[in-house]
Every structure is written in structure tokens, then in C-alpha cells.
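K.L.:
Let's see this in three dimensions:
(chains A and B)
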Amino acid sequence: MLKVEHLSRFYRGSEVETAALDDVSLEVRDGEFLAIMGPSGCGKSTLLNILGLIDSPSAGKYWFLGEDIAHFSEEQLTLRRRAQVGFIFQSFNLIDDLNVAENVEVALLYLGIPRHERRERVAEALERVDLAHRARHVPKQLSGGQQQRVAVARALVARPKLLLADEPTGNLDSANGDAVLELLDGITRSGTTTIMVTHSAEHARRAQRIVHMLDGRIVEEEEEAEVTC
Amino acid sequence: MLGSYVAAAIRNLLHNRAYALINLLGLTLGFTAAILIALYVRDEFSYDRFIPNHERIYQLGEVIAPPGRAEMRVAVSAVTDAAALQLTFPEIDATTRLAYAGIRLHRRDDPDGLPFGGNWVDPNFLELFPLRVIAGEVSNALSRPDGLVLTRKAAHQLFGREDVVGERLSLDRQVDMHVMAVVADVPANSHLTGDVFLPGIASSSGLTALEAAQRQPGALRADNVITYVRLRSGADIDAIRARLGEFADTHVPDNVIPGNVNGMSSSRVYTFTLTPLADIHFQPRRMGEMKPAGDPRVVKAMLGIALLILIVACGNFVSMMTARAMRRAVEVGVRKAVGALRRQIALQFMGECLFYAVLALICAVIAVELMLPAFNGFLQRQITFDYLRDPALATGLIGLALLSGCAAGAYPAFYLSGFKPAIVLRGLASQPKASRIRRMMVVLQFATLIALLVATLTVQRQTRYAIEERLRVPTDQIYLNNAASGCSRESLDAIRNLKPVLVVTCASQYALSIHHMSATFVSPRGDDAVATGAVPVDDAFFDVFGITPLAGRLLSRSRGQDMVLQSGSDVQDNPAIVINESAARALGFNIPAEAVGKFPQWRRVGIDDGRIKVFEMRSSQIVGVIPDFSVGSVRDAIEPTVYYVDPVLLSRLVVRFDGGAVQEGMNAVEAVWNQREPGSRFEGTFLSQYMNALYADIVTQSTVFSVFSAVAVALAALGLLGLAIFTAERRTKEIGLRKVMGARRTDILWFLGWQFARPVLWANVIAWPCAYLLMRWWLQGFEYHVELGLATFVIAGVLALIIALATISGHVLLVARARPIHALRHE
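P.N.:
Here you go, the predicted model:
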């Protein structure tokens, strides 16, 4: 599905250069559920952003669906992201001015899908996250858990090959967190590759593989067998 | 996709009503002002273009440059010029003439009658200047000596209806006339005026009388009719213009120009001009114009104001959109994360700005519709706003909205679409560099505001100076009464004895700058003659205006040499004279006292045996020198002027009343006048009204500047209010922390006040030099003007600061009074 080699990402301030990622190599298989763990500031989200094509590496190589895209322009990245990648964020990032259905529909707007098909797919996605009855509500009228389920629906609706979740349960209580995790499990089972950044070891254990990061480097990997035992 | 954009735009507007309202109100105000100004400017450029074949019709004018004097531009010409032109130039297809006259028309049963502006015109006048016929037949209407044509307005005033063809009217209770036709009123955007067209061929006509006077042997050339020529199709106007010098030499006899004393040819003194109809309105000021000319500098200034207002309005919009950008950051991030390209996001925001612009345009169109009647009333125009039937106007309006929408939307679209999803979706974005641009925007807005305040203050000072200060007399207590046949000594004595009358005198039209007359002095240096203005007055003239001599004395009834022309001795004798300072200098005297007692040789124009004549050179004594003084426009330099008593040329009764008893005085004077001068109607105007008419354009400019400056002030204040709300919202936590750390309410007020005062102070640095250059350029159009003092700039700066602080004070006070705990919970 995707592969990175010797990936680095530097941020240049006025006086110092900070390495957010330092020589990271990783391969993710089709349909795999991968969790990334590590303390705050270790580079998890930076790695996720690069894998999700919303940021570019400073050095290294990145094969996405067989293409080396490390040096692609922003527009090239956008065109690949548009059809292949879905995002779920810790802070939900719903658009306040749009209702639930419209928020979900945003993910289909740029794919050139006809309106009636968009509506069907939005209804289907909301059905899947059990929020069809809330389609006309605006985000402010929903609980945190419900908002994150809307975000999940938005991530699913374009049927991406890769789903990236950045601490999707970070702002939720345990019951709502579990519900979102259930949804991610289901998505993975249906063949979508999922990469999740999390602080929660319990939630990470649901993944097939866990990658541990520290100071911008991958320091440890745990495979499914180790995880489950 | 469009639906999603529209939904986001509308809901964003509804969710942020205060900002949306500020944005919408600002743009609406800007558009309304810009549309009104554009309509005014369009009207200015539309003058006389409604006349068919206007591009082939020209008005004959003259530039008269007597030796030793400033040139005079006149819109009138001699009554004989039309025929001479047609004889000389085969390219001329038709000519027509107009002589303006104040008339009174009486219905059979109305002894008082009504006053009208009348035009004695040639029979073909309404063929060259056709007006829509409402009733009757115009083709032969003015070929009958007893026929007249009324405008709709005059018909309504006289009869209360329009179907008045055949009705009989008495002209000045002397001649019976018949209404032959009723035509539409002369449009406001024409150089023509008048409500009644009278037949020039009538024996009682002004044209006939002037023609008869002009054809007498040795008659002086008198410029008092307006002459128009229509060229044949394809005729070359430049070829005609090239031969006008030759025409002047053959047509204007040498002996009729008072200034032509040293064998100078007519063509050097007289330059005939042919002005296309559509250009008449923007000609430099000329004597004898039917209406004050338009000033292209005013039009440019108005366009500048419109542009500034639009820039301020768009600036507000940009500030607000970028200030609120963080609220939209998530939306941008999400859209980009799901695959929106930057240009798609930019287009979305451009579309949103255009949506605001179109909405504001609709509001502005409604506002213009509502305000246009008052606007027209103030400007005395008939400006229409028929965008449904005027494709150019409709295109202009749509263009305005699109251009402003794009101009205002470009930066926000570029800025917002540049957000990085990786940053904004993690809530890491801080207030980016746009805040610097916003601060610059506020500085620029206030610079505009300060410059407009300087302009408004200067225009108002100049207006006051022109109308009040320059005369230094209370003009509303001076009454000017028409006295065409002069004022008898007995009437003057009787009026002088009335209690509320302070001073009474009889003056010529030349004393009030209504007409112009020359006198010629032999040059003290022996070169070209010195030409001056000649102003026949009565001995009490200077007392009306409180003028005291710089040297010598004023004219006096008790001095025989002053009253030479009163005593009925030789009409060729020159009376003693008072000259102004400029004349003293022109005659070679270094100081006023040097001139007093001298006997220069000079000649004047006077009336002998009922005919205007230029008399011989004779000497008379200079008895006094007065300061330069004129009732004329401050636009014109006060020229060297000689004052003397010549009762024959006096035609205005001038009365100065005691300020407390003006009405009582008027009634008393009217009673005396009607009793002693039964043939002359008591009819006139206060000097203040006359001056207001003389400065009508300056007063209008002053008011227009004030109104549109107020719009700019309102816009700048609106923008600042928006930013105040935004800043207070953004800095709530900071303010809370400051309060927790011990800051008092006054500290917070100072802190926030300074934040907003700083850009206003910077704005002065930009505004002052710009305003200085702009207003210096404007004032240069006046020969006499106020000085651009530092005080005006300081006042404008302080006013801008007060406006800024007053605008934000309410909101800042609210924030400063809030409890810190609320502020700290804010995030």
C-alpha cells in the first residue's frame, strides 16, 4: 500500500532547525490496521500528515500505491489524496456552518460525483455510523461522540483506500471512544488500510501492528501476535 | 459543489451577523456613494448631448485681450455676428441667436403677473434646439411677432395646465402675445435656461432693439447675444477656426474697441472661438454665460472621492474577511484534506465576496432610488436612474459589483486558500501575517479619512472666505433693487431719511460685477495704453461696504469736480476719480499717496444722446486710492479699477439696513420707491442671495465634500468597529490575564485605546502631505484664497483620533469591565 524510506521532516525556525521526523522507514500493507504510539511531540502526527499527503517530507522516499510521491507538487498530492485518503481528527474538524449531511458530502464534492449519487452515499455513510436521524443537525447540536462519528462518516463516504485517524478518541469519553474504535475495526475488516495515531495502549491493541516513536524515530514495532498475547 | 459554497456563505453570514452586517453595510454605503457620484459625473458629461446634431452646432465666443489688461472670456457676441459669419463661411448651414431677458407675463385678469426667464430667439431657434412638443405647433411659432412658446413649467405656473395654445398673455403689460406651443422644460443638463421663447423678429424684441442700436453709424460693438452656428455635414471646423482671425479683422471695426489705441489690429484684441455644444459646460468661466460652467477639477475630485470611498469600503471588507479567517480555517483545512485544490478554495471565497458585493449592490440600488430625488433637488438636476432601460448603466452597476467584489475578494481568497491543512486541522495556526496587512489597511483608511477631513475643512473655509470674509460686511443686510432708469436724487434722499436705512446709494451693474466696462489711460511710461475696469458709482457707494481710502479721500457730493457728470456740463468731461491699489500700481505709482492729486489722461465709455460712445482722452484728478475690493468672484483677480460718478449708467439701488430692522426697512423703502418711482417695480435681491448664486457651485462643492467625507468617515469608523470587536474577542484571554495580574480597568482602556490610536497617528504621516498637495492644487483655482495652515491638519488629525476612539470606546469599555474569570474561560 505504502512504503517510506529514510524519511525526514525538518522545520526551520529563525535560529534553529527542528527535526520532526528523522530517518523513518516503514511499510504498510494493503488492508492493514496500524497504530502509531509515542509521547507528545515525537513526530506521530507529522508522519501521519506525510502519509496522508497533506505534508511533504524534507528528505527520503515515499511510495504511495506504487508511485514515488516524495517530491510531488501540492496539486499532484491533492489529486491523489482526493480519491484515496480519508482523515479523522482528534478535534473532529467539522464545518460549523454546514449541517451533518453537508459535512459528510464535502468529501465527495471534489470527486465529480453526481448530486443524486452523493446523496445516496451520504445517507449510506450516516446509516453506517448510526446518525441518519441527525442529518439536518449542525455540529453544535451534537455531542462529542456524535461529532466524531460524523467525521468517521465523512472519512468513509469517499471509499478511500487509506484511512488516517489522528487520535480519534482523544476528545471522547471511553464509551464514545470504544464506539469509534468499533467503527474503525469494521472499516478495516472491509479492506481499507487504516493508520491510527493514539496515546491509548488499549486502543492501539486493536491494531494489527503498533509502531512506537520517540524523538522523530521509530524505536519499536509490535506485530499482531505480540500485541494480542 | 456550488450548493455547498452557497450554503457555507449564507450560513456564515447568518452565524456571524455582526460581521456580516458591518461588511454589508460598509459595501452598501460605499456603493451608494459611488453610484451617486457616478450618476453626477455622468450627468456632467451629458450636457447638451441630447440636442440632435450637437456635434455640428457651435457657440460663438470671444477672448478679448485689450493691451495691458488680463484677457476676458465671453460667451456672448454682437447681434450682427451671426449674419456676418454666414456670409463669410459657406460651410455654415444655419445660424441662430438668443438674447436673454427677465420678463413678466400677465394673464388678462392678473395685474401682478409672474416673472420668467425669457429668451428672444430667431425663428429657427427651436429647429436647431428642438424640445419635445407638448401642445401646438412650433415650426412657425416664432415667425409670428406676437407668438410665444412656453415650457411646460411656465404653462403650469401661468394657467395650471398644458393645453394653453391660443391663450393670450401680456408681456410686461405692454405687448399682447399668443401662446403658439407648449414644449418640454429645457433639461437641466443643458447650458440653456429659460421658460419662455419669444420671437426675435418682434419690434419689441431684445434682438430687434440691439440690432437697431448696432447698425447705427459709429455704434460701439456690444456683446450681448448668444450666437450659434450649425455647420454643413462634413464641414471642417479647423478650417473655419483658422480663418476667424481674418474674420475679426474685417468684421470688428478698429474704432470700436476702447483698448485699441495704438493701432493694434482687431484680431490681436478679439479672438473668436467656436465651442462645440457638448463642450460648453466645461469651458473656463466666461462672462455672459447662461449658467455657471462645470468645473472639470470638481468632476475629477468627485471621481477621486468615489474611488477613495470604494477603496475604504473594500479595505473594510478585506480586513473583516481576513480578521475572521481563523474561523474559516477548519473549513479550508477540511476541504483541502478531502481533495480541494487551492484554486477551488480561492474560487469559493471569491464567489463569497461576489455574493456579498451583489447583495450590497441590491441594497445600494434601493438606497440610490430612495435618495435620488433629494440628491437631484440639492444639485438642481434631473438625473435619472433607469438601469432597466439603460444598458450602459446596468452594465456599469454590475461591473461595479464584480470589480469591487473581485478587488475586495482577491486577497482574502489568496490568503484563506493558502492555509495548510496539516497545521490548521490540528489547531496550531496562530494569527498569521495578515494582521500586518490589516493594520496597514487601517492606517490607509484613516489616512484617507484625514485627507478628506482636511479637504472638507479647507473647502468650507474657502467657501466662508469667498462669501463672507472677503467682503467683510454682513451681506444679508444689503438689498439690491433693479432701477433700470436710475434712481432720482429725491428718491435717494427720501430713502436715506428712513430710520432702518443706514446707507443708500445707486450703483452701476459694473460695480456689482454683473457686466464689465473698460477705461483707457495713457501709459505713464509712454508705451501701450493702460486699460482698467470702469465702475460708475454714486458718491455713497463706498459707505455701503465700509471702504476707507488708503490715501486721499472718497467721492463726495459736495465736490464739484466729482460731480461733473451730474451737473449736466460737457458730457465729454472726465470727473474726478478714485482708483484701487492695483490701478495705482498699473499707472506707475509706487505708493498710493503718490497717485493722489495727479491728473492722468484717460477716456471712458458713456452715453451721449442716448447712444453708447467712447469719449475723447481727457484728464481728471485722482482724489483717492482705496484697497483692492470687488463684489465679484474670488476666482477672478481684482483688476485695476477706476471709480467715478456717472449718474446715467447707474441702474441698481443699493440699500444697507440696520441689522435689527431689515424687514421693517424693506417695507418702508418699498413704499417710498413705489410712490416716487411708479414706473419702476420694487424688485431685487439681497446681496447675500446674489453672492450665494455667484458661489452656488462652491457651496455645492462644499456640501458634497462634506457629505461624502461623512460617508468615508462612517465607513472608516465601521471598519474600525469591526476590528475592535474582533481584537477584543481575540485578546479576551490576554485581557483577563492582565486583570488577574493586577491591571485596573483604566489600564486596560489605555492599553486597548493605544492599540487603536497608533494606526490613526501613523495615518497622519501619509495623509498630511497628500492632502497638502491636493488642496494646494484646488486653491490655485482661486485668485484669492485662504492659506493652508497647520491648524487644519492638526484639527483633521485630532478629529480622526476622536472618531476612532469614540467608535471603539463602547466595545472596549465592555471588554475592560468584564470579569477576568469569564475571559480566562474563554478558550
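
K.L.:
quick one: secondary structure of the residue in the stretch 151-300 of chain B positioned nearest to chain A?
P.N.:
In the stretch 151-300 of chain B, the residue found nearest to chain A is B:K300; the distance is 44.0 Å by CB to the nearest CB. Glycine gets a C-beta too; all of them are placed from N, C-alpha and C. Taken by DSSP: H, G, I helix; E, B strand; the rest coil, the conformation at B:K300 corresponds to helix.

K.L.:
Then B:V669?
P.N.:
helix.

K.L.:
which ones are touching it?
P.N.:
B:Y479, B:N481, B:I495, B:L498, B:V501, B:V655, B:F682 (CB atoms under 8 Å, 6 or more residues apart in numbering or on different chains).

K.L.:
Name the next helix or strand downstream of whichever helix or strand A:A125 is part of, please.
P.N.:
Secondary structure assignment for A:A125, by DSSP states H and E: helix A:115-128. Downstream of helix A:115-128, the first helix or strand assigned by DSSP H and E is helix A:144-157.

K.L.:
buried sites along that following helix?
P.N.:
A:145-157 (16 or more other CB atoms under 10 Å in any protein chain shown).

K.L.:
can you check stretch B:388-400 too?
P.N.:
Buried, per 16+ other CB under 10 Å, within stretch B:388-400: B:L393, B:G396, B:L397, B:L400.

K.L.:
Next, give phi and psi for the closest residue to A:R217 other than its chain neighbours.
P.N.:
In this structure, A:R217 finds its nearest non-sequential neighbour in A:D22, 5.3 Å apart by CB to CB, 6 or more residues apart in numbering or on different chains. Per-residue torsions, A:D22: phi -130, psi 100 (degrees, to the nearest 10).

K.L.:
Tell me, how many residues neighbour A:D22?
P.N.:
Applying other CB atoms under 10 Å in any protein chain shown, we find 16 residues neighbouring A:D22.

K.L.:
wait, what's in contact with it?
P.N.:
A:D22 touches A:S8, A:G43, A:D215, A:G216, A:R217, counting by CB under 8 Å, 6+ apart.

K.L.:
quick one on the thing from earlier: now intersect the buried residues of stretch B:388-400 with the helices, please.
P.N.:
B:L393, B:G396, B:L397, B:L400 (DSSP state H).

K.L.:
The second one contacts B:A38, doesn't it?
P.N.:
Yes. Applying CB atoms under 8 Å as the test, B:G396 and B:A38 come out as touching, 6.9 Å apart.

K.L.:
any residues in contact with both of those two?
P.N.:
Joint contacts of B:G396 and B:A38 (CB under 8 Å, 6+ apart) do not exist.

K.L.:
Same list, the contacts of B:V669, but as a markdown table with neighbour count and secondary structure please.
P.N.:
Below are those laid out as a markdown table (neighbours: other CB atoms under 10 Å in any protein chain shown; DSSP: H, G, I helix; E, B strand; the rest coil):
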| residue | neighbour count | secondary structure |
| --- | --- | --- |
| B:Y479 | 25 | strand |
| B:N481 | 23 | strand |
| B:I495 | 22 | helix |
| B:L498 | 20 | coil |
| B:V501 | 21 | strand |
| B:V655 | 26 | strand |
| B:F682 | 17 | coil |
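
K.L.:
could those residues go into TSV alongside distance to chain A and pLDDT?
P.N.:
Below are those laid out as TSV (distance: CB to the nearest CB, whole Å; pLDDT from 0 to 100):
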residue	distance to chain A	pLDDT
B:Y479	69	86
B:N481	73	83
B:I495	80	89
B:L498	79	87
B:V501	77	88
B:V655	74	90
B:F682	74	79
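
K.L.:
Which one of these is nearest to B:T456?
P.N.:
B:Y479 (32.5 Å; CB to CB).

K.L.:
beta partners for the residue nearest to the closest one when sequence neighbours are not counted?
P.N.:
Spatial nearest neighbour of B:Y479, chain neighbours left out: B:V655 (4.8 Å); criterion: CB to CB, 6+ apart. Note on B:V655: beta-bridge partners B:Y479, B:V504, judged by DSSP bridges.

K.L.:
Might one say that B:V655 is in contact with B:V504?
P.N.:
Yes. Counting by CB under 8 Å, B:V655 does reach B:V504; the two are 4.9 Å apart.

K.L.:
Cross-check the buried residues of stretch B:388-400 against chain A and keep the overlap.
P.N.:
Restricting the buried residues of stretch B:388-400 to those touching chain A (CB under 8 Å from any CB of the partner chain) yields no residues.

K.L.:
Next, format these as JSON lines and append pLDDT.
P.N.:
Below are the buried residues of stretch B:388-400 laid out as JSON lines (pLDDT from 0 to 100):
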{"residue": "B:L393", "pLDDT": "92"}
{"residue": "B:G396", "pLDDT": "91"}
{"residue": "B:L397", "pLDDT": "92"}
{"residue": "B:L400", "pLDDT": "88"}
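
K.L.:
Most widely separated two among those?
P.N.:
Among the buried residues of stretch B:388-400, B:L393 and B:L400 lie farthest apart (CB to CB), at 10.4 Å.

K.L.:
same question for stretch A:184-193, mean pLDDT?
P.N.:
Stretch A:184-193 carries an average pLDDT of 88.

K.L.:
Next one: A:E182 from A:R149, what distance?
P.N.:
Going from A:E182 to A:R149 by CB to CB, to the nearest Å gives 10 Å.

K.L.:
And A:I36, by the same measure?
P.N.:
22 Å.

K.L.:
how about the residues of chain A near chain B?
P.N.:
So chain A meets chain B at A:45, A:49, A:52, A:54-55, A:74-75, A:78-79, A:81-83, A:86-87, A:89-91, A:93-98, A:102, A:105-107, A:109-111, A:115, A:154, A:158, A:166 (CB under 8 Å from any CB).

K.L.:
Which residue ranges of chain A form helices?
P.N.:
Under DSSP H, chain A gives helices at A:44-51, A:74-84, A:100-109, A:115-128, A:144-157, A:174-189, A:201-204, A:224-228.

K.L.:
sorry, back to before: quick one: which of the ones in helices among the buried residues of stretch B:388-400 is nearest to B:P412?
P.N.:
For those, the nearest to B:P412 is B:L400 (18.9 Å; CB to CB).

K.L.:
Could you pull up the mean pLDDT of stretch B:287-300?
P.N.:
81.

K.L.:
Mind listing residues that contact it?
P.N.:
B:41, B:44-45, B:47, B:72-76, B:100, B:191-194, B:223-224, B:226, B:280-286, B:515-516, B:696-697, B:701, B:777-778, B:781.

K.L.:
Where does pLDDT dip in the stretch 201-350 of chain B?
P.N.:
Counting by pLDDT under 70, the stretch 201-350 of chain B contains low-confidence residues at B:218, B:253-268, B:325-326.

K.L.:
Single out the residue in it that lies closest to chain A.
P.N.:
B:G339 (2.6 Å).
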